[in-house]
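Student: Predicted structure and sequence below. I'll ask about it afterward.
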Amino acid sequence: MQPSASIPSSRAPSPTNATRYSRQASIVLIGMRGVGKTTLATIAAKALGWQLLDTDLVFEQQYQTSIADFVASRGWDAFRQIESDILHALLQTHLTGKVIACGGGVVELERNRSLLQSFRSHGLVIHVLREKDAVLDYIRASTHFPPFYHESAKEAWDRREKFFRDCCSFEFVSLTVPVPPAPRDTLSSLSRTIFFRLLRFVHGVDTNKVSVGHRSRRSYSLSLTFDDVTQAIPKIEDLSLGIDLWELRTDLLSSLDPTFLAFQIAILRRHSPLPILFTLRTARHGGRFPDLPNDETAVGNLNSLFRHALRLGVEYIDLEVTFPPSVFADIVSLKGNTTVIGMYSDISGTISWTGLQTKQAYDKIVQMGADIVKMVNVARSFEDNLSLRQFVATVERNPTPIMAINLGPEATLNHVLSPVSHPLVPRVSSPGQISFYETQKILYLTGLLPAKKYYVFGCPIAHSMSPTLHNTAFATLGLPHAYELKETLTVEELSEVIASANFGGASVTIPYKRDIIPLLQHVSRHAKIIGAVNTISPIPGGAGYSGDNTDWRAIKTCLLRYLTPANAVTSTTTALVLGAGGTSRATLYALHQVGVINILYTTARDEKPRRSRASLSGSIRC
Ligand SMILES: Nc1ncnc2c1ncn2[C@@H]1O[C@H](COP(=O)(O)OP(=O)(O)O)[C@@H](O)[C@H]1O
Ligand SMILES: O=C(O)C1=C[C@@H](OP(=O)(O)O)[C@@H](O)[C@H](O)C1
């Protein structure tokens with residue numbers, strides 16, 4: 001799948017790990033009647049510029065009759081045979097470049113299930129789900145479906161769910177959008193965005209990973225210790241402050257039923273763009289999942305659970321090193337773009353960080369194919385933290401990142417995905433865990449987080465809300481920084497401020513969005529095209545200053561938020577931009593990004609709006 005203006009990108013950088021699916025491979029959607037296969041297929045086909053094929057439509061075109069009439073006169077068996085031949089032909093002929101929506105009953109025949117299973121070795125088979133009650137209501141209200149055979153729609157749903165799961169490579173929950181039915185191709189920008197997020201992940205276009213490679217940057221995960229993540233949703237904004245990743249502690253959830261898990265992930269995704277870590281903590285490591293008896297059924301169930309996590313497209317999976325080697329190996333071999341964290345822990349606190357056993361455990365996890373090694377011990381004294389640092393120093397230059405954690409009141413702070421807690425979660429996920437706010441305070445007090453000064457540069461700026469916004473954010477996050485107004489009459493006066501040792505960064509506003517550029521050593525691609533910079537920050541390592549433009553992103557986000565099916569951007573959509581300065585240039589760029597091609601702008605001197613011409617370094621023609 002090509003990145004395109006219609007598929008918004010998520011926050012994190014693209015991956016380095018291997019992608020299992022070619023971006024050209026056809027996408028097949030399966031799932032119960034009415035879940036939204038045709039809706040999503042239409043949206044995906046349009047965005048990808050691919051042809052949409054629908055087994056129901058192919059049938060109706062070939063037989064020139066509705067399925068309901070055909071079934072009424074010739075019966076279900078005759079329909080199923082023809083449907084199977086259609087599926088066979090479509091899957092054989094269209095290996096690439098097509099979106100194929102299947103009828104809800106394709107999984108009824110064993111032959112079709114095998115066809116789908118062999119197709120998924122190279123193409124994508126996505127099982128679409130939606131809230132059962134909403135779909136059953138839709139099926140009951142609809143008159144165009146033939147009746148089910150000896151069973152209710154609900155019974156068919158329950159019977160088929162396992163078949164869909166056995167045949168798919170990924171599972172997508174298209175949560176019901178609470179609006180009156182909209183035309184298919186414009187159902188909701190929300191469903192679209194979340195569906196494309198899965199496709200971008202699968203194709204490796206954007207795997208939404210936390211950047212853990214830079215030693216200068218710490219990252220944090222928050223364990224959602226709720227028994228149902230819906231309880232977290234009203235507090236999600238507070239919970240996500242400072243956080244890079246959600247850890248879903250599935251052992252604490254009220255159920256491990258695959259459909260329940262699929263909805264838990266979907267609900268979290270609808271409310272937050274942060275990546276998700278799927279963790280199942282066993283009792284021996286302080287969790288609620290019972291320690292595994294060594295029998296085949298228990299091992300099989302554990303394996304199925306983690307395979308299901310892969311099917312849901314979670315960005316991270318935590319595997320305990322004490323899991324059966326067959327489970328570890330199976331998940332590593334199927335992981336695609338999911339990152340596997342291999343976890344070794346000793347909550348009894350008998351292991352020494354400097355002992356040979358710890359290094360051997362580390363080497364074993366790397367050998368088993370984990371992408372990140374997580375090692376957990378208990379700090380009995382402050383010296384244990386120094387031993388942890390010593391151990392980390394011996395392995396931190398290795399390509400596999402390490403999360404080394406000491407639990408307990410003497411615990412220290414880790415660089416990679418530090419697990420933190422929050423006053424609003426029901427319980428800490430491990431003893432001695434502190435909040436993100438507290439970690440920042442400790443880092444400051446121990447000299448690891450120097451206080452910086454931030455500014456807004458411009459003139460006149462007395463009215464600016466930026467200091468209030470930023471200082472509130474610093475105070476809420478426990479950061480020691482300060483943000484001030486810096487009103488100057490010339491841009492040259494800013495050089496001195498930028499050069500001071502505690503300069504953390506600045507916002508730039510009128511009249512310096514263009515004039516600041518000569519003071520910078522690097523300017524982002526977007527800012528170059530726009531020809532204006534509104535944010536500057538020091539380049540790590542003292543290599544000068546970098547400029548970016550965030551105005552266009554904010555404007556684009558606002559535009560997308562308020563686009564509805566009724567006012568979608570079309571070739572006749574016209575925008576009027578008031579002004580022609582730095583921010584107006586960012587506005588032109590944002591409008592271009594959302595597909596508006598007719599743009600008028602005015603300047604203070606204009607009597608009537610002018611039509612915008614090729615500008616912005618020649619990249620936009622209006
Ligand atoms: N996420 C959703 N929220 C609300 N309504 C939806 C959603 N997805 C689909 N629908 C509606 O449900 C109905 C069935 O959708 P459709 O795509 O035809 O399902 P399928 O192809 O799986 O039978 C349509 O009226 C569609 O607009
Ligand atoms: O569930 C089923 O058995 C059927 C689902 C329908 O397709 P959709 O799922 O695309 O509505 C259609 O193939 C036919 O009415 C049979």
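Tutor: Good, I have the coordinates. Ligands and ions are numbered 1, 2, ... in the order given.

Student: What's the end-to-end length of stretch 264-283?
Tutor: Stretch 264-283 has its terminal residues 22 Å apart, counting by C-alpha to C-alpha, to the nearest Å.

Student: Establish whether it and ligand 1 are in contact.
Tutor: No - for stretch 264-283 and ligand 1, the contact criterion (C-beta under 6 Å from any ligand atom) is not met; the two come no nearer than 10.3 Å. Placement of C-beta: from N, CA and C, glycine included.

Student: what sits up against the one helix or strand R389 maps to?
Tutor: Element membership for R389 (DSSP states H and E) is helix 382-395. Helix 382-395 is contacted from outside by 352-354, 358-359, 362, 373, 375, 377-379, 402, 404, 406, 410-412, using C-beta atoms under 8 Å, 6 or more residues apart in numbering.

Student: go with 7 Å
Tutor: When contacts are defined by C-beta atoms under 7 Å, 6 or more residues apart in numbering, helix 382-395 is touched by residues 352-354, 358, 362, 379, 402, 404, 406, 410, 412.

Student: and the helix or strand following it, what does it pack onto?
Tutor: The first helix or strand that comes after helix 382-395 along the chain, using DSSP H and E, is strand 402-407. Under the contact definition 3 or more C-beta pairs under 7 Å, 6 or more residues apart in numbering; DSSP states H and E, strand 402-407 sits against strand 372-378, helix 382-395.

Student: Just the C-alphas of the shortest one, formatted as PDB.
Tutor: The reference is to strand 372-378. Extracted as PDB, the C-alpha positions of strand 372-378 are listed here (Å, rounded to 0.1, in the frame of the first residue of the first chain):
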ATOM      1  CA  ILE A 372      13.600  -6.500  23.000                       C
ATOM      2  CA  VAL A 373      15.000  -8.200  26.200                       C
ATOM      3  CA  LYS A 374      13.200  -7.400  29.400                       C
ATOM      4  CA  MET A 375      14.900  -8.400  32.700                       C
ATOM      5  CA  VAL A 376      13.200  -7.900  36.000                       C
ATOM      6  CA  ASN A 377      14.700  -8.300  39.400                       C
ATOM      7  CA  VAL A 378      14.000  -6.900  42.900                       C
END
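
Student: Any buried residues in that strand, and which?
Tutor: Buried residues in strand 372-378, defined by neighbour count with 16 or more other C-beta atoms under 10 Å: 372-378.

Student: Check which strands are paired with it and give the direction for each one.
Tutor: Partner strands for strand 372-378, per DSSP bridges, with pairing direction: strand 339-345 (parallel), strand 402-407 (parallel).

Student: looking at these, which one has the lowest mean pLDDT?
Tutor: Mean pLDDT is lowest for strand 402-407 among the strands paired with strand 372-378, at a mean of 88.

Student: contacting residues around V596?
Tutor: Residues in contact with V596, defined by C-beta under 7 Å, 6+ apart, are 569, 573, 575.

Student: where does the first one land in three-state SS?
Tutor: What that stands for is V569. coil (DSSP: H, G, I helix; E, B strand; the rest coil).

Student: quick one: it and G595 touch, right?
Tutor: Yes - at 4.5 Å, V569 and G595 qualify as touching, with contact defined as C-beta atoms under 7 Å.

Student: who touches both of these two?
Tutor: When contacts are counted by C-beta under 7 Å, 6+ apart, V569 and G595 have no shared neighbour.

Student: Okay, strands next: where are they in the stretch 1-150 of the chain?
Tutor: Under the criterion DSSP state E, counting those that start in this stretch, the stretch 1-150 of the chain contains strands at 27-30, 51-54, 98-101, 124-129.

Student: Looking at those strands, which one is packed in the most?
Tutor: Mean neighbour counts were taken over the strands of the stretch 1-150 of the chain using mean count of other C-beta atoms under 10 Å, and the top value, a mean of 27, falls to strand 27-30.

Student: That one near ligand 1 at all?
Tutor: No - contact of strand 27-30 with ligand 1 (C-beta under 6 Å from any ligand atom) is absent, the minimum separation being 7.6 Å.

Student: Same question for stretch 168-179.
Tutor: Yes - taking C-beta under 6 Å from any ligand atom as the criterion, stretch 168-179 and ligand 1 are in contact, through 174, 176-177.

Student: JSON lines for the residues you listed, including secondary structure, pLDDT and neighbour count?
Tutor: Output for the residues of stretch 168-179 next to ligand 1, formatted as JSON lines (DSSP: H, G, I helix; E, B strand; the rest coil; pLDDT from 0 to 100; neighbours: other C-beta atoms under 10 Å):
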{"residue": "S174", "secondary structure": "coil", "pLDDT": "93", "neighbour count": "22"}
{"residue": "T176", "secondary structure": "coil", "pLDDT": "89", "neighbour count": "17"}
{"residue": "V177", "secondary structure": "coil", "pLDDT": "81", "neighbour count": "18"}
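
Student: who in the stretch 1-150 of the chain is up against ligand 2?
Tutor: Counting by C-beta under 6 Å from any ligand atom, the residues of the stretch 1-150 of the chain near ligand 2 are 33, 37-38, 56, 67, 103-105, 145-146.

Student: Show me the strands in the stretch 201-350 of the chain, by range?
Tutor: Assigned by DSSP E, counting those that start in this stretch, the stretch 201-350 of the chain shows strands spanning 220-224, 245-249, 276-279, 316-320, 339-345.

Student: where does the stretch 351-500 of the chain have low pLDDT?
Tutor: Applying pLDDT under 70 to the stretch 351-500 of the chain flags the ranges 409-413.

Student: Which stretches in the stretch 451-600 of the chain count as strands?
Tutor: With DSSP E, counting those that start in this stretch as the definition, the stretch 451-600 of the chain shows strands at residue ranges 453-458, 482-487, 503-508, 522-523, 535-538, 545-548, 574-578, 598-602.

Student: For E247, grab the count of nearby residues.
Tutor: Other residues near E247 come to 23 when the count uses other C-beta atoms under 10 Å.

Student: Of the contacts of V596, which is the nearest to I139?
Tutor: Closest approach to I139 among those (C-beta to C-beta): V569, at 33.5 Å.

Student: In the protein, spot the helix with the most residues.
Tutor: The residue-count maximum for a helix in the chain (DSSP state H) belongs to helix 76-93.

Student: Now do that one: distance to the chain's middle.
Tutor: Its chain's average C-alpha position is 36 Å from that of helix 76-93, according to C-alpha atoms, centre = their mean, to the nearest Å.

Student: For S421, which residues are in contact?
Tutor: By C-beta under 7 Å, 6+ apart, the contact set of S421 is 428-429, 433-435.

Student: What of L252?
Tutor: If you count contacts by C-beta under 7 Å, 6+ apart, L252 has them with 225, 227, 288.

Student: give me that answer again for 6 Å
Tutor: Contact analysis of L252 by C-beta atoms under 6 Å, 6 or more residues apart in numbering lists 225, 288.

Student: where's it relative to ligand 2, distance?
Tutor: L252 sits 35 Å away from ligand 2, going by C-beta to the nearest ligand atom, to the nearest Å.

Student: How about L494?
Tutor: As it turns out, when the distance is counted by C-beta to the nearest ligand atom, L494 lies 61 Å from ligand 2.
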